[in-house]
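**Q** my questions are about this predicted structure, shown below with the sequence.
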Amino acid sequence: MTIMKRLSLIFRAKANKALDRAEDPRETLDYSYERQREMLMKVKRGVADVATSRKRLELQLQTLTQQSDKLEGQSRQALAQGREDLAREALTRRSAIQVQQADLATQHAQLQAEEEKLTLASQRLQAKVDAFRTRKETIKATYTAAEAQTKIGEAFSGISEEMGDVGLAVQRAEDKTLAMQARAGAIDELLASGALDDASGTAKDDITTELERMSSQSDVELELARLKGEITAGTPVQQIEGSATGTPAAADAPATPEKQGETS
Amino acid sequence: MIVRIMGEGQWDLADEHADLLNSLDAGLESTVKGGDQEAFRAALSDLLAKVRALGSPLPDDSLAPSDAVLPAADSALDDVRALLSASDEGLIPG
């Protein structure tokens, strides 16, 4: 027998077994309805769990992006100051972070797909549970036990198949979410240990320290050069005269807003 | 005939397509027996594509049981083996 027939028999056997257990098949209606509502809640919880994991990955991705941008900035700064060794170190760290980023992005896409699938599954099951409730009341009100048996069998097999399918989907999503959470936890630990460095900027890494040391040194050099220049050029009188020529135009400017204020 | 693709929902197909589906299904089964992951994925996606193309989706509130059930599109070979070896108790919840 082929695969699609065997699978449908497996689902059907499960439904039949549940039906056979009840003396009056009408009893199974209410029981099954309760099970359906439980399953519905399980699917909705599943959707929420996947969404939580997805958001956590998004936060981590953000942190990694900030870190990667920061390292790129540092490598530029280092190159501008002629420190190729420092720039190389920053870029090496950045490429390690990019590997993590790409990996997380793939996982993020997977979780998003899983979330969409579960959301659709939850909508399908909700529609079926609602339909089952209506059918259940009709069957209970209208039919004799013998007639009810066939009607119940049909509705029950249909919903039972859906429950089995949705139940498996939730299980798979749970497994995937757990695996992601373990991974996300590992990355949080890496970030905390400083191996991927903290992008919040509270702790200064060695590249930052070195760049700051270099830039404060060059600030001192610039300041020195400026002071030397001033001393050799004498008192900069011309600059004061130059700024005075600009004042008449500036004094005219406030007149216009005052006039507007009077007329309105 | 009504066909369920696990994780996606149900499709209603005209009976005239049964032969085509059965032959694709037989092909799928031989890849499961052969254990070739690549061939299995190709055969499964062919079969699912045919069902989606030839069938019309059943409304969400339909309670009809399926005549045939197919594994989800992203199933691995081992997932399908586990499903097929499931008894009516263990693997399938609900």
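**A** It's in.
**Q** point to the residue nearest the middle of chain B.
**A** B:Leu70 (1.4 Å; C-alpha atoms, centre = their mean).
**Q** contact partners for that residue?
**A** A:3-4, A:7, B:3-6, B:44, B:47-48, B:51 (C-beta atoms under 8 Å, 6 or more residues apart in numbering or on different chains). Quick note: C-beta positions are derived from backbone N, CA and C, even for glycine.
**Q** need those residues in TSV (columns: pLDDT and neighbour count).
**A** As requested, the contacts of B:Leu70 are arranged in TSV below (pLDDT from 0 to 100; neighbours: other C-beta atoms under 10 Å in any protein chain shown):
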residue	pLDDT	neighbour count
A:Ile3	88	23
A:Met4	89	26
A:Leu7	89	23
B:Val3	96	27
B:Arg4	95	26
B:Ile5	96	24
B:Met6	94	23
B:Leu44	95	26
B:Leu47	95	23
B:Leu48	96	22
B:Val51	96	22
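**Q** list the buried residues of the worst-scoring helix or strand of chain B on mean pLDDT.
**A** In chain B, the helix or strand scored least confidently by mean pLDDT, DSSP states H and E is helix B:77-84, which has a mean of 88. Neighbour-count burial for helix B:77-84 flags B:77, B:80, B:83 (criterion: 16 or more other C-beta atoms under 10 Å in any protein chain shown).
**Q** before we move on, what about stretch A:101-111?
**A** A:101, A:104, A:107-108, A:110-111.
**Q** which parts of the chain are helices?
**A** Picking chain A for this. A:3-21, A:25-80, A:84-142, A:145-193, A:206-233, A:237-244, A:247-252, A:255-263 (DSSP state H).
**Q** let's do chain B instead
**A** B:18-34, B:37-54, B:77-84.
**Q** which strands and helices sit next to the least confident helix or strand of chain B?
**A** helix A:3-21, helix B:18-34, helix B:37-54 (3 or more C-beta pairs under 8 Å, 6 or more residues apart in numbering or on different chains; DSSP states H and E).
**Q** out of those, nearest to A:Ser160?
**A** helix A:3-21 (3.8 Å; C-beta to C-beta).
**Q** packing partners of that closest one?
**A** So helix A:3-21, by 3+ C-beta pairs under 8 Å, 6+ apart, packs with helix A:25-80, helix A:145-193, helix B:18-34, strand B:68-70, helix B:77-84.
**Q** show me the shaky parts of the chain.
**A** Using chain A. A:1, A:25, A:143, A:145, A:193-204, A:234-264 (pLDDT under 70).
**Q** ah, I was thinking of chain B
**A** Those would be B:87-94, if you go by pLDDT under 70 across chain B.
**Q** what about the closest residue to B:Leu28 other than its chain neighbours, neighbour count?
**A** Leaving aside its sequence neighbours, B:Leu28 sits nearest to B:Ala43 (C-beta to C-beta, 6 or more residues apart in numbering or on different chains; 4.3 Å). Applying other C-beta atoms under 10 Å in any protein chain shown, we find 21 residues neighbouring B:Ala43.
**Q** which residues does B:Ala43 contact?
**A** If you count contacts by C-beta under 8 Å, 6+ apart, B:Ala43 has them with B:24, B:27-28, B:31.
**Q** now for the residues you listed: which two are most distant?
**A** Counting by C-beta to C-beta, the most remote pair of these is B:Leu24 and B:Thr31, 10.9 Å apart.
**Q** near chain A, which residues of chain B are found?
**A** Selection of chain B residues close to chain A by C-beta under 8 Å from any C-beta of the partner chain yields B:3-4, B:6-7, B:9, B:21-22, B:25-26, B:28-29, B:32, B:59-72, B:80, B:83-84, B:86, B:88-89, B:91-94.
**Q** mind doing that once more with 6 Å?
**A** Residues of chain B lying near chain A by C-beta under 6 Å from any C-beta of the partner chain: B:6-7, B:9, B:25-26, B:28-29, B:60-61, B:63-66, B:68-70, B:84, B:86, B:88, B:92-94.
**Q** that older thread, now the helices and strands packed on helix B:77-84 in TSV, with distance to A:Ala131?
**A** TSV is the format used below for the helices and strands packed on helix B:77-84 (distance: least, C-beta to C-beta, whole Å):
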stretch	distance to A:Ala131
helix A:3-21	16
helix B:18-34	27
helix B:37-54	23
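**Q** and the ones you listed: which comes nearest A:Thr92?
**A** For the helices and strands packed on helix B:77-84, the distance to A:Thr92 is smallest for helix B:37-54, at 36.3 Å, taking C-beta to C-beta.
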